[in-house]
Structures are given as C-alpha cells and as structure tokens.
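Student: give me a model of this one.
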Amino acid sequence: MLKKILAVMGGLFLFVSWVTIQLPVVRDAHCVAALCAPYTQNNDLLVLSKCDEAVGWKKALIMSANRSIEFSAGYTAGALLEDTLLTFDAVLAAKPDLVVHFFICSCPLFSWADERKVEVMAERYPGRFHYLIRGMTPLRRGLGLVTSENHIKLLVVDDHYMVVGGTNHLSSHSRSEIPSDDTIESFADFFNPRACIDMNFVIKGPVVSNLRREFFDLWALYESGASLAEHSQFEPEETRCFAVDESSKHDMRDFEEHSDVIRNIPIKSIVCGPRRSPGACSAEYATLIDHAEHSIDLMHMHVTPVDEVYSSLLDASNRGVALTVVTNGPSAPASMVSKVYGVCNSCQMLPLLLGQKFRLGERDVAETYPSNNCTVYAYEVEEILYHKKVMVIDDRISVVGSYNMGYKSHYGDFEAILEIDSPIVAHQVKQTMEQDKAIARQCDRSQLMDWYFGLASRSLALLGVTLIVGPLY
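Tutor: As a prediction, the model looks like this:
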C-alpha cells in the first residue's frame, strides 16, 4: 500500500511540475526590507485566545459601525457568511452613510449560492456595498508551483477598531470545540477540521489606520487586474480609501470597559505579497529570530520555513536560545488535515534540536550530537486543527497575523502580521501556549530521529511540502 501511495504521489509530482512550466513566473522573493510603518504608540489591545471570541467581536464591531467597514475575511462560506451578510444588511439599513468593502478569498466551500447572496447585497445597496471575490492564482517558481491569494484576515471599523489574526470566516474555523449538533455544509467539509485553535486581537489605535490603507492598496491591485507575476512594485494611482470623520469614531463600551484590555502598546504592522514587498514577513521573522537572546516560542500550523528563516532558527538553537515549538503532529488521533501538516513538520524538527541538517543515511552521525535546548510538542487532537501563526521572542516581542511559516506565505500570498513590543501581551500569549502544551504530546529525541531518518516519512514529507503545503498552504 505504501509503495502505491508513493508511486501515485510521485506521478502527481511529475504532472504538476510539467503543468507549472506553462504558468507565469513569480518573483524570487528573497527576504527584503519589510513594507511596514515604524512602531506606533498608544494602541489598546485585547487578546482573543479562542476563535469563537473573534466571531463575536467581529459581529459586535460591525453592528457598531457608523461610516466604514473593511473586511478581508479570508475563506468564508455557508452559515457564517449568511449571518454576516444579514448583519451587514441590518447595519446598512440603519446607517445611511455607511460604506462596506468586503474582500472574499474563494475556496471549495464557497458556492454559487454564496456568491449570489453577496451579489444581492451589492444590488440592494449600490455604491455602499462593494465586494471582491478572488481565488488562488497559480504561479511558477523555478520548476515548482506556488499559488497566490489574499490570505489576510482583517476587519476594520470606522478607521478606529480592528480584529486581526489567523482565523478564516468559516464555521469550522471559527470555533474551538466541536459542537454536538455539528452539521456538514458541503462535500468540502469532509476534508476540513471540525474546529480550530487560533489567535486574534481586537485593537484600537493608530496602527488600525496603517492596515486600513494597506487594505485599500491591496483592493486596488486586485481590482486593476494587474499581473501578480510582474517584478515591479505595484503603486496604485488612486484607491477607494476615504477619510473617516472623527465624529464617526465612537468608542465601543464593551471594549473600553473590558478588564483584559492592555493599554498604550507599541505595535507595528508588516504587509507582504507579490508586488507588495514579497518576502517581507519572512524577513521580519528572520531578523527577530537573529536577535533573540534567551527564548523563541513558536505556535504555528506548520513549520516548513524558507531557508532564510530556517537558517536563523538553526543558528539560534546553536547559540543556546531556548526554542519551544507547538505544531500539528502526524500521528493518530489527529484529523486528516492536521496529519498533512504534521507529516511535513515531522522532518523539520530534528535539525532544530541538534542545530544541523543531516543526509538520510547519517543517523549514526546524528546520534553523536548533543541535544540543544529545543522542545517540540505535537498537537494531535481528533478533528481539531492547530491553526495558529504566532511567535514570541524573549518574553517581550509577540508576532501574530496570517503568515504561515512556509513557502506559499513567503512567495505567493498577501500576508499581514503585527509585531507587538509588550511583556504583558507576551505573557498572555504564552499563557495560551501553556494550555496548548497541556493538550499536545511532547516529542522525545528518538521520535524526532525516527521521523527524520525514516525513508517513508522523509519521502512523504518531501512530497507533501512540494505538492500540498508548499503550493497550497
């Protein structure tokens, strides 16, 4: 059976390689200076450690809007999309000056019926409800395939508040536990997790305006139909961005009186993507890792980073920085989707422990290397996907957003991350990591050795990164 699987995947690899020769070539995204504003001061922040909380805050903020809503939803479809459109309908009917821009990244769950519901909203509120629906754009990188999409998850209301993080606007991605009355909305749901572990923030402050401008620049890029494979930086001649009068920026009581809101936080935003500073998020990750002094904590859906980031992690491991990783594992009872990431993760972990890569036949050599201060936890919970995209440096700098540690986020996707300089925020983020670690399984050295040097696991990981995680996630 294993031989048949490898044969099928090998044939698929050759087919995909041939197909990609026909595609436009994406710019080779070396890590470059980030497209980002400097740190902005006086931001207030609330950590959302559960996906369900993000859904509630998004709905509440939409209902509170007076002048503008910008929503980059990521993947959305089905019941949650319908509920959001009903919320838009209610607030647009009540607020005649309100303008909505809704950016959807289509996915297999997004049906013709979903698209028609969005069109009806635009027909009902002409000039006030604007939408873009865009899917994956296939691009060629060398002989490999990478797809590009707007992967940013961002809601901005009245240029005053925002929700930002890693959670798609799907029912299955927007809950932390599997409900007892869980239903299958479409065929594609059979391949989705039933729940997700993720992190988002609610923020009020100057950094909101930075990401709002980036939203409209990205909208202009997609609306123009410009090629994503061009090497030049895209600079829109004009955008739909408009000023929001201060009189429209009302404080939200639930946020202002929330006991867990952290005040006056320095935050900067980094945005990357084709023709919008490609590789910038990877560059920021590598820079922060290079400057880590005592600890790096990674909470990521998959850890298959580009060479620049991986080399920085190896260097940090070798200089004694404590590295802790929580990510999806490949073993039962992990869901099918989690196992795909877990298989790819499995062959990345041993070098982080030993500080060096090895050839397939060098297990005896690897056995002689002492272990560095690296601990790996495999998140393997039935039907729940570990979807976080979080890093904490030296218990002070937190990085949260849509950026995955993989090739697609580096070469193909439009991503946004926030870099937050606050020990208080870092402490709260790491508290959620402790909860994840309590559920996950700590991997010992022998397990990492078996994963790394096993012929079957190494082959499946290589094919998985090449065919699935690299191009698609």
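Student: which residues of the stretch 301-450 of the chain fall in strands?
Tutor: Taking DSSP state E, counting those that start in this stretch, the strands of the stretch 301-450 of the chain run over residues 322-328, 374-379, 384-386, 389-393, 397-401, 415-421, 441-443.
Student: deepest of these, which one?
Tutor: strand 384-386 (a mean of 26; mean count of other Cβ atoms under 10 Å). All C-beta spots, glycine's among them, are computed from the backbone N, C-alpha and C.
Student: from the chain's centroid, how far away is that one?
Tutor: Offset of strand 384-386 from its chain centre (Cα atoms, centre = their mean, to the nearest Å): 13 Å.
Student: give me the secondary structure label for residue 109.
Tutor: coil (DSSP: H, G, I helix; E, B strand; the rest coil).
Student: tell me where the stretch 1-150 of the chain is predicted with low confidence.
Tutor: 1-37, 140-144 (pLDDT under 70).
Student: try it again with 90
Tutor: Along the stretch 1-150 of the chain, segments meeting pLDDT under 90 span 1-38, 106-111, 136-147.
Student: swap in the stretch 251-400 of the chain?
Tutor: Ranges of the stretch 251-400 of the chain meeting pLDDT under 90: 275-278, 330-347, 360, 382-383.
Student: before we move on, back to that, ok, which of the strands of the stretch 301-450 of the chain comes nearest residue 270?
Tutor: strand 415-421 (5.1 Å; Cβ to Cβ).
Student: elements contacting that closest one?
Tutor: Packing partners of strand 415-421 (3 or more Cβ pairs under 8 Å, 6 or more residues apart in numbering; DSSP states H and E): helix 207-224, strand 262-272, helix 280-290, strand 397-401.
Student: pipe the ones you listed into a markdown table and attach distance to residue 120 per row.
Tutor: Listed next are those as a markdown table, based on distance: least, Cβ to Cβ, whole Å:
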| stretch | distance to residue 120 |
| --- | --- |
| helix 207-224 | 21 |
| strand 262-272 | 32 |
| helix 280-290 | 36 |
| strand 397-401 | 32 |
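Student: and residue 293, how many neighbours?
Tutor: As a burial measure, residue 293 scores 12 neighbours (other Cβ atoms under 10 Å).
Student: just the element for the residue nearest to residue 263 when sequence neighbours are not counted, please.
Tutor: Leaving out its chain neighbours, the residue that sits closest to residue 263 by Cβ to Cβ, 6 or more residues apart in numbering is residue 44, at 5.2 Å. In this structure, residue 44 sits in strand 40-48 according to DSSP states H and E.
Student: now swap in residue 71 and tell me
Tutor: Using DSSP H and E, the element containing residue 71 is strand 68-72.
Student: what of residue 104?
Tutor: Applying DSSP H and E, one finds residue 104 within strand 99-105.
Student: what sits against residue 302?
Tutor: 327-328, 341, 344-345, 404-406, 469, 473 (Cβ atoms under 8 Å, 6 or more residues apart in numbering).
Student: what about stretch 156-167, how long is it end to end?
Tutor: Chord length of stretch 156-167, first to last residue, is 15 Å (Cα to Cα, to the nearest Å).
Student: mean confidence for it?
Tutor: Stretch 156-167 carries an average pLDDT of 98.
Student: can you mark which positions in that stretch are buried?
Tutor: Judged by neighbour count using 16 or more other Cβ atoms under 10 Å, the buried positions of stretch 156-167 are 156-167.
Student: okay, and which of these map to helices?
Tutor: Among the buried residues of stretch 156-167, none falls in helices (DSSP state H).
Student: those residues in strands, which ones?
Tutor: Judged by DSSP state E, the subset of the buried residues of stretch 156-167 located in strands is 156-157, 161-165.
Student: any idea of the angle the very next helix or strand once past the strand holding residue 104 forms with strand 99-105?
Tutor: Next helix or strand after strand 99-105 toward the C-terminus (DSSP H and E): helix 112-124. Put simply, helix 112-124 runs at 160 degrees to strand 99-105, going by axes from the mean of the first three to the mean of the last three Cα atoms, to 10 degrees.
Student: any idea which helix or strand comes after helix 112-124?
Tutor: Immediately after helix 112-124, counting by DSSP H and E, sits strand 129-134.
Student: partners of that following strand, with directions?
Tutor: strand 99-105 (parallel) (DSSP bridges).
Student: about what we covered before: how distant is the helix or strand immediately after the strand holding residue 71 in the chain from the center of its chain?
Tutor: The helix or strand immediately downstream of strand 68-72 is helix 78-94, counting by DSSP H and E. Here the centre of helix 78-94 is set off from its chain's centre by 25 Å, with Cα atoms, centre = their mean.
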